[in-house]
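Student: Generate a structure from the sequence data that follows.
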Amino acid sequence: MSAFIQSILSEFSSIYANASSVFVANGRAEPPGMAYRLHLPRLELTVKGVMNMLVAKGSDKIIKFEQPVGTMTYIPANGWNLPDWSTPVISLSLVFSRQDIGFSIINWDGHQFKEVEKFALQNASVNIREPILQLIEELAWEQDSTTETFSHLVLALVNNIYDQLNHSPSATPNSSLIEDIKRYIDNNYDSGVNRDSVAAFFNISPSYLSRLFAKSSDCKFSEYLTQTRIAKSRLLLTNTTLKIREISVKSGFTDNNYFCKVFKEINECTPLEYRKINRNHSFTNKP
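Tutor: Numbering: from 1, shown residues only. Next up, the predicted model:
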């Protein structure tokens, strides 16, 4: 779980701090009956889709606004918000207590909650986080419209949490996420997967997926997917009597000519030549 949260926070930590990246729900109006209200400060991040919500602004106003991907809403202690769950959305909620940080990932498909997962970073260091959070709380109630200073502070808070997750004994390193992605490719190489579909499955951006492979693997995403497909095709060539075109499809290639071209580049022979060589080799080595 923490690896997924790390990937989300990594994306948000690279956001340029400006008045449009952070919203603050700091009104004094009484909340509706189903509103979320805590005595602790919170941060709501939209990971995928658009989060529609009601929040208080000013002394007596309740407004509805859209929070798109890449933006976040800071809700100070005793503040409130009310998502209307009208459209599919994946969001990450952070709740700050004295020592711990609670994380909740919510996946709403437009009709029901597909997943609600929780994770806690316990006994988190407060040396940096506490003064940042204290200053954010003091400024939050003064924001008629979000200032760049306030946005910079909120993003500094996100960066601090990201750093703590990276160094936490309970955190799972990025290697676990890359291994999960590789297993997913190994099991789905023949179903038309590509960079965008794999990124969507793990709720990360395609660009982050590419960076993850560059940092944590010895090859690019496209190279791993191609090598996986070619490895499967070699098994089928050696152990079945399927036609080359059939093997191409079962290995995840949609173009037979492209399959043959890539196969030859990697193996220095055509699929048919590979079949003949390896079948003859298998035959001559039988007892």
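
Student: can we go C-alpha only for contacts and neighbour counts from here?
Tutor: OK.

Student: what are the C-alpha coordinates of the helix or strand hosting residue 258, in CSV please?
Tutor: Using DSSP states H and E, residue 258 sits in helix 256-267. Taking Å, rounded to 0.1, in the frame of the first residue of the first chain, the C-alpha atoms of helix 256-267 are listed here in CSV:
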residue,chain,number,x,y,z
ASN,A,256,2.4,-10.5,-37.8
ASN,A,257,5.0,-8.7,-39.9
TYR,A,258,6.1,-6.6,-36.9
PHE,A,259,6.3,-9.7,-34.8
CYS,A,260,8.6,-11.3,-37.3
LYS,A,261,10.8,-8.2,-37.5
VAL,A,262,11.1,-7.8,-33.7
PHE,A,263,11.7,-11.5,-33.3
LYS,A,264,14.6,-11.5,-35.8
GLU,A,265,16.2,-8.4,-34.2
ILE,A,266,16.3,-10.1,-30.8
ASN,A,267,17.1,-13.7,-31.8
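
Student: Let me know the secondary structure of residue 74.
Tutor: Of the three states, residue 74 takes strand under DSSP: H, G, I helix; E, B strand; the rest coil.

Student: who's in contact with it?
Tutor: Applying Cα atoms under 8 Å, 6 or more residues apart in numbering to residue 74 gives the contacts 22-25, 41-44, 154.

Student: Show me which of the residues you listed is closest to residue 254.
Tutor: Distances from residue 254 to those, taken as Cα to Cα, are shortest for residue 44 (41.1 Å).

Student: Identify the bridge partners of the closest one.
Tutor: Residue 44 forms beta bridges with residue 73, residue 93, as assigned by DSSP bridges.

Student: and if you look at residue 22?
Tutor: Counting by DSSP bridges, residue 22 is bridged to residue 72.

Student: Find me the pLDDT at it, would you?
Tutor: For residue 22, the pLDDT comes out at 89.

Student: Mean confidence (pLDDT) on stretch 45-53, please.
Tutor: On average, the pLDDT along stretch 45-53 is 92.

Student: next one: stretch 101-119
Tutor: Mean predicted confidence for stretch 101-119 is 81.

Student: Give me the buried positions along it.
Tutor: Buried residues in stretch 101-119, counted by 16 or more other Cα atoms under 10 Å: 101, 103-109.

Student: quick check, nearest of these to residue 186?
Tutor: Closest approach to residue 186 among the buried residues of stretch 101-119 (Cα to Cα): residue 107, at 25.1 Å.
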